[in-house]
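Trainee: The amino acid sequence is not available; the structure is as follows:
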């Protein structure tokens with residue numbers, strides 16, 4: 001198998017993970033700081049279970065992007081959180 005399909009799947013997973021983070025934040029009531037439902041976790045676990053451990057960079061990239069773009073975290077903080085999520 002060539003590297004392009006894997007790279008494409010990883011990039012697609014990162015985008016879907018980012019969208020799942022945004023969905024999770026939409027589902028969180030304004031009065032709470034903790035999400036009851038976190039679809040991004042389900043997306044990451046499902047991708048790794050279906051496609052194997054080669055998908056972890058997509059989860060890491062999606063988490064890094066989500067924490068920087070949505071959360072407004074600095075790069076070092078976002079990288080630490082993304083590493084903990086993988």
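Mentor: Yep, it's here. This structure is a prediction, so every number in the text was calculated from the model and none was measured.

Trainee: List the buried residues in the longest helix belonging to the chain.
Mentor: Across the chain, the longest stretch assigned as helix under DSSP state H is helix 3-27. Residues of helix 3-27 classed as buried by neighbour count (16 or more other C-beta atoms under 10 Å): 6, 9-10, 13-14, 16-18, 20-21, 23-24. (Each C-beta comes from the backbone N, C-alpha and C, glycine too.)

Trainee: for that helix, packing partners?
Mentor: On a contact count with 3 or more C-beta pairs under 8 Å, 6 or more residues apart in numbering; DSSP states H and E, helix 3-27 meets helix 39-51, helix 56-69.

Trainee: Deepest-packed of those, please.
Mentor: helix 56-69 (a mean of 21; mean count of other C-beta atoms under 10 Å).

Trainee: and the angle for that helix with helix 39-51?
Mentor: For helix 56-69 against helix 39-51, the angle by axes from the mean of the first three to the mean of the last three C-alpha atoms, to 10 degrees is 160 degrees.

Trainee: Which of the buried residues of helix 3-27 sits closest to residue 54?
Mentor: residue 6 (5.8 Å; C-beta to C-beta).

Trainee: What separation do you get for the closest one and residue 30?
Mentor: Distance, residue 6 to residue 30, by C-beta to C-beta, to the nearest Å: 39 Å.

Trainee: again with residue 74
Mentor: 25 Å.

Trainee: and if you look at residue 40?
Mentor: 19 Å.

Trainee: Then residue 66?
Mentor: 19 Å.

Trainee: how about the helices and strands packed on helix 3-27 in TSV, adding mean pLDDT?
Mentor: Listed next are the helices and strands packed on helix 3-27 as TSV, based on pLDDT from 0 to 100:
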stretch	mean pLDDT
helix 39-51	93
helix 56-69	93
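
Trainee: Make a markdown table from those helices and add distance to residue 78 to it.
Mentor: What follows is those, written out as a markdown table (distance: least, C-beta to C-beta, whole Å):
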| stretch | distance to residue 78 |
| --- | --- |
| helix 39-51 | 14 |
| helix 56-69 | 4 |
